[in-house]
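# what's the 3D shape of this:
(3 chains)
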Amino acid sequence: MWRYAMPIVLFAVLGVFLYRGLYLNPGSLESPLVGRPAPEFSLPSLEDPLREVGSDDFAGQVALLNVWATWCVGCRQEHPYLLELARTSGIPIYGLNWKDDRAAALEWLARLGDPYVASAFDSEGDVAIDWGVYGAPETFLIGRDGTVLHKHIGPLMPEIWRRDFLPKIAKECGSLPCPLVDGEE
Amino acid sequence: MIPEFGHFALILAFCLSLAQAVFPLVGAATGNRQFMALARPAAAGQFVFCAVAYAALAYAFLTDDFSVRFVALHSNSELPTFYKFAAVWGGHEGSLLFWTTVLAIWTLAVAVTGRAQPEAFSSRVIGVLGIVSAGMLAFTLLTSNPFDRLGLEMPVDGNDLNPLLQDPAMVLHPPMLYIGYVGLSVPFAFAVAALLTGRLDREMARWTRPWVLGPWIFLTLGIALGSWWAYYELGWGGWWFWDPVENASFMPWLVATALIHSLVVTEKRGLFKSWTVLLAITAFSLSFFGTFLTRSGILISVHAFASDPARGLFLLMLLALITGGALMLYAFRAKDLAGEGGFTLLSRDAFLLANNILLTIAAAFVLFGTLYPLFLDALGFREISAGPPYFNVVFLIPMLPMAVLLGIGMHAAWRKTPPDLLRRKLKWPAVFAVAAGATLPWIVFGRASVLSTIGLAIGLWVVATSLVDPIMRRLGRGATGAPITRAQWGMYVAHLGLGLFILGVTVTESYDTELDRAVRPGETWHTGGYDFEFVGLRDVQGPNYTAVEGEFEVRRGEKLVTVLRPQKRVYRVRQDPMTEAAIDAALHRDIFIALGQSLGGDAWSVRVRVKPLISFLWIGAVVIALGGLIAVTDRRHRVQPAEQAERVRVAPVPRPASRPAEGH
Amino acid sequence: MVRILVACLMLVLATPLAFAIEGELGFDDPAMNERYRSLLREIRCPKCLNTSIADSDALIAADLRREVHQKMAEGHTDKEIVDYLVSRYGEFVVYRPPLQPSTWALWGAPPVLLLIGVIVFARILRDRARQPLDEDPIS
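Numbers count the residues shown, from 1 in each chain, chains lettered A, B, ... in the order given. Coordinates of the predicted model:
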């Protein structure tokens, strides 16, 4: 008797998984970099090709690294909020300008405002691969000891900032106020 | 007005499908003949209204009625008429309407041909199909109405049909698959009716056979067309990727293949009854599951492409109702279907048992590998991917022994076979397969691997064992009396197709040449035994696209073999860049060129592939389907029960058990 | 059909078409080229749903091809390259699932299922061999 009931049991188990699967998002991949030291890099600055921008710049601070490009629609969308964060959050934002045209990128910053302490110019996309970047925009939260604390794929929006970033920042900074680094601007 | 009319027809079809589900089933359960008599009129009416709804949508497409949302999203006034018609099934809503219409057609066919069957049985079959129809029509009406209007924001012109679908093979591929998928609902209904009746005799198995073979032929051709399309249209020369949706079409095929073989045992010997019923339920459930997979976005919704859990949930509930209900019935009733009868290791029965176990295992592997990433995700593990490197290994495990056993099984007799007979028939095919498999790769290609040797030997073995009987008869040797029946011819031809397919896969995967290269006009190079020259570029205007076309001359020695003109198209409405590969197809090899990217100026990256024997994949698939077609035409499947009974009574010629099997 | 979705999605995603760099196209040495091509086929384009980086026109796929090319040219083994990409993009990025606790069932199921199949076959055959071979005509 039990062997005739086996198909329905297997089907029921499968059904439970499928039901759960409906509400999962198979694309929400957590970066393997989270919890690990951020990859080191050093690239020419967007503004001045002779100057280097790299991971040394944000060593010892809690910082954001934002991957952006002028051809990316989501970047345009998150831009105003990045500007607001740069003004109010006290956390320095570094830019990784990804596979972009230098002139176009500079024009974009001049026209829309520049939220970045500095932008590294990654024309070949090598650094982006080292950071496991899928596309733009993406935003990494980096801790004081240089560990990647969080990665967000897609435009950075207020509710995401409050939900995903703020708790991790609070944890990293403890009860102390996070060291506020004076912007270089 | 016409779209509203179509919508109304669809609602009426739904009402009739409810009647078609309820009255015949209740009638059969209570013995109410008036209720049972409603089965056929309801099915006929349901078909008429589905057809009217379908015609209304097709009319909206042909007349460019962009006030209908579905038409606006999937058509355009510039679209060639042929594709406007095909666009009806080019999107979610329309393809659902197609699905339900096809189901109505199958139902009608069953209703018309089933008059000779016992009334209660055929009422139950039509009733079960009514449940499936009602479910799908409700799904269409409630979540995916193709007749929705856009109201005020009606666009001036439509969004165009996805350029990938603007291709002759793609016009045929989805309907073929749907006809196959949906057709498997008929054996499903037979199986449920058998469970409700509490018996499955050999006669019922005989009626069922053409209803499995028919959908199976369509599935075979549909899958092959899809693979062929992917090969020449997607621009990278691959033909199978073990993608979840490819797998979703392949699993029902594997199970339906097992079902065809299991039905033979049920028909000839009255055995494997509950197993046959289970396979019939599983085959249709897997087709339905495929519908669920493709439309819920459960496995492929990455990033922006938000899935619609409401649709997914509805389909999952429908799956739970249809499959769950059938399996529940199976759990309680299957024990009534036990069959008596023995067989030995060397018998047709035992080989078909092995075939069934191996095909089922293969289908289970595909299902498991497809869903495993989902399991991990649901259990909170980090996601993984299982792709071709996994499936290629795992799929060969059951398939290699199956192909070997198949060659023997074809020649085994029911119950038991004298080993002598097998030895006599199979000695030469075995010698030929091993000898040719071991030497041919060296002679033709100058190199061999373990896998290519095994693959070739097995392919040749299947080809040789499929041909040995017809050949021996022609030579007048080893003939064993009775002529080869249609069903037997079907078996030999289908297996021959499988052998050709195996040869094609082995050779093309082992000996293809791939080259990606940056080229400028005037440049020449040598690859895969041919000399290529990039002659130049020109601009081309299509009806609804513009294209850059490259011209390549292919030479062998001094002789010009072909001139290939691959294109990079941009369709005007959607602005999608499309790669249109150019292929010089010949029986022994394809030469494939696709334009990659512009490298600035006149320089382009190109993909060049030389694929030996790839034509055998498509030829093999067509021959397999042809085998099915020959088997369907066996008149014994169409003999009416009364006539059949007559024949058996008049001439029950007992035959010795040791004879090689006739029929299958 | 998924290919259609894949293709649609690739277009929706925020990536311009790649400009192929000649270096990513392959190696002159046939053996090296063969190794390169088969490695590309095992790596999943992280942003294109379900295509290998060998077959994708997406920007990120071209970058990954170049990365693989560069690492091969530097003399890294296939395993080193795959490990590097997994450490950056996760196990999701390889089509051949690595053997680890979460994939034991995936790799273990096929042999186990096959063994069960053999046992089932043997048991059914044993039962059937004990039953009489009825002599009903087979039509």
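# Report how many residues lie close to B:Ser449.
11 (other C-beta atoms under 10 Å in any protein chain shown). Backbone N, C-alpha and C define where each C-beta goes, glycine included.
# quick one, what contacts the closest residue in space to it that isn't next to it in sequence?
Spatially, and ignoring its direct neighbours in sequence, B:Ser449 is nearest to B:Ser510 (6.4 Å; C-beta to C-beta, 6 or more residues apart in numbering or on different chains). Each residue near B:Ser510 by C-beta atoms under 8 Å, 6 or more residues apart in numbering or on different chains is listed here: B:441, B:445, B:449, B:451-452, B:455.
# Which phi and psi values does B:Ser510 adopt?
With angles defined as degrees, to the nearest 10, B:Ser510 sits at phi -90, psi -30.
# Quick check, A:Thr139 in contact with A:Ala63.
No - A:Thr139 is not in contact with A:Ala63 according to C-beta atoms under 8 Å; the separation is 10.8 Å.
# between those two, who's got more neighbours?
A:Thr139 (25 against 22).
# so what's that one bridging to?
A:Asn66, A:His152 (DSSP bridges).
# Could you report the pLDDT at it?
Listed pLDDT for A:Thr139 reads 92.
# and the gap between it and C:Gly90?
18 Å (C-beta to C-beta, to the nearest Å).
# go on, B:Pro612?
Taken as C-beta to C-beta, the span from B:Pro612 to C:Gly90 is 37 Å.
# got it, and B:Phe332?
For B:Phe332 relative to C:Gly90 (C-beta to C-beta), the value is 46 Å.
# before we move on, what about B:Trp106?
For B:Trp106 relative to C:Gly90 (C-beta to C-beta), the value is 45 Å.
# Of these two, which one has the most company?
B:Trp106 (25 against 20).
# So that one: helix, strand or coil?
Here B:Trp106 is helix, with the state taken from DSSP: H, G, I helix; E, B strand; the rest coil.
# pLDDT value on it, please?
Looking at B:Trp106, its pLDDT is 97.
# can you tell me which residues contact it?
B:129, B:182-183, B:185-186 are the contacts of B:Trp106 under C-beta under 8 Å, 6+ apart.
# For the nearest residue in space to B:Asp602 that is not next to it in sequence, which three-state class applies?
Among residues not flanking B:Asp602 along the chain, B:Pro521 sits closest, at 5.2 Å (C-beta to C-beta, 6+ apart). Three-state call for B:Pro521 (three-state DSSP): coil.
# Isn't B:Pro521 up against B:Gly536?
Yes - B:Pro521 is within contact range of B:Gly536, at 4.5 Å (criterion: C-beta under 8 Å).
# shared neighbours of these two, anything?
In contact with both B:Pro521 and B:Gly536: B:Asp602, using C-beta under 8 Å, 6+ apart.
# Now do residue 10: how many residues are near it, please.
No chain specified, so I'll use chain A. Neighbours of A:Leu10 (other C-beta under 10 Å): 12.
# let's do chain B instead
Quick note: B:Leu10 (other C-beta under 10 Å) scores 25 neighbours.
# Point out where chain C drops to low pLDDT.
C:1-24, C:134-139 (pLDDT under 70).
# And the residue of it closest to chain A?
C:Arg88 (3.7 Å; C-beta to the nearest C-beta).
# and the closest residue in space to A:Ile93 that isn't next to it in sequence, how many neighbours?
Distances taken as C-beta to C-beta, 6+ apart put A:Leu64 closest to A:Ile93, at 4.5 Å, once the chain neighbours are dropped. Neighbour count of A:Leu64, defined by other C-beta under 10 Å: 27.
# What spatial separation is found between A:Leu64 and chain C?
19 Å (C-beta to the nearest C-beta, to the nearest Å).
# Secondary structure class of that residue, three-state.
strand.
# again with B:Val540
Per three-state DSSP, B:Val540 ends up strand.
# check contacts around it.
With C-beta under 8 Å, 6+ apart, B:Val540 has these contacts: B:546-549, B:567.
# Setting the sequence-adjacent residues aside, check what's closest to C:Lys47.
A:Tyr134 (4.7 Å).
# May I have the phi/psi pair for that neighbour?
Per-residue torsions, A:Tyr134: phi -90, psi -40 (degrees, to the nearest 10).
# Could you do A:Ala69 as well?
Dihedral angles (degrees, to the nearest 10) for A:Ala69: phi -160, psi 160.
# Spatially central residue in chain C, please.
When C-alpha atoms, centre = their mean is applied to chain C, the residue found nearest the centroid is C:Tyr95 (3.1 Å).
# wait, doesn't that one sit right on C:Ile43?
Yes - counting by C-beta under 8 Å, C:Tyr95 touches C:Ile43, with 7.1 Å between them.
# State the number of residues packed around the closest residue to chain C within the stretch 251-400 of chain B.
Here the residue of the stretch 251-400 of chain B nearest chain C is B:Gly387; by C-beta to the nearest C-beta that distance is 2.9 Å. Number of residues near B:Gly387 (other C-beta under 10 Å) recorded here: 23.
# before we move on, back to that, pLDDT wise, what is the residue nearest to B:Asp602 at?
92.
# now swap in the one 5 residues further on and tell me
The predicted structure scores B:His526 at 91 on the pLDDT scale.
# Tell me which residue is most central in chain A.
Central residue of chain A (C-alpha atoms, centre = their mean): A:Thr139, at 1.3 Å.
# ok, that residue - contacts?
Shown in contact with A:Thr139 (C-beta under 8 Å, 6+ apart): A:64-67, A:151-152, A:156.
# can you tell me which residues contact the residue in chain C positioned nearest to chain B?
Closest contact between chain C and chain B, by C-beta to the nearest C-beta, is at C:Tyr95 (2.9 Å). Contact partners of C:Tyr95, counting by C-beta under 8 Å, 6+ apart, are B:385-390, C:41-44, C:52.
# Weed out the non-buried ones from the residues you listed.
By neighbour count, with 16 or more other C-beta atoms under 10 Å in any protein chain shown, the contacts of C:Tyr95 hold B:385-390, C:41-44, C:52 as buried.
# Dump those to JSON lines, plus distance to chain A.
Converted to JSON lines, the buried ones among the contacts of C:Tyr95 look like this (distance: C-beta to the nearest C-beta, whole Å):
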{"residue": "B:Ser385", "distance to chain A": "10"}
{"residue": "B:Ala386", "distance to chain A": "13"}
{"residue": "B:Gly387", "distance to chain A": "14"}
{"residue": "B:Pro388", "distance to chain A": "19"}
{"residue": "B:Pro389", "distance to chain A": "20"}
{"residue": "B:Tyr390", "distance to chain A": "17"}
{"residue": "C:Arg41", "distance to chain A": "19"}
{"residue": "C:Glu42", "distance to chain A": "17"}
{"residue": "C:Ile43", "distance to chain A": "12"}
{"residue": "C:Arg44", "distance to chain A": "11"}
{"residue": "C:Ser52", "distance to chain A": "16"}
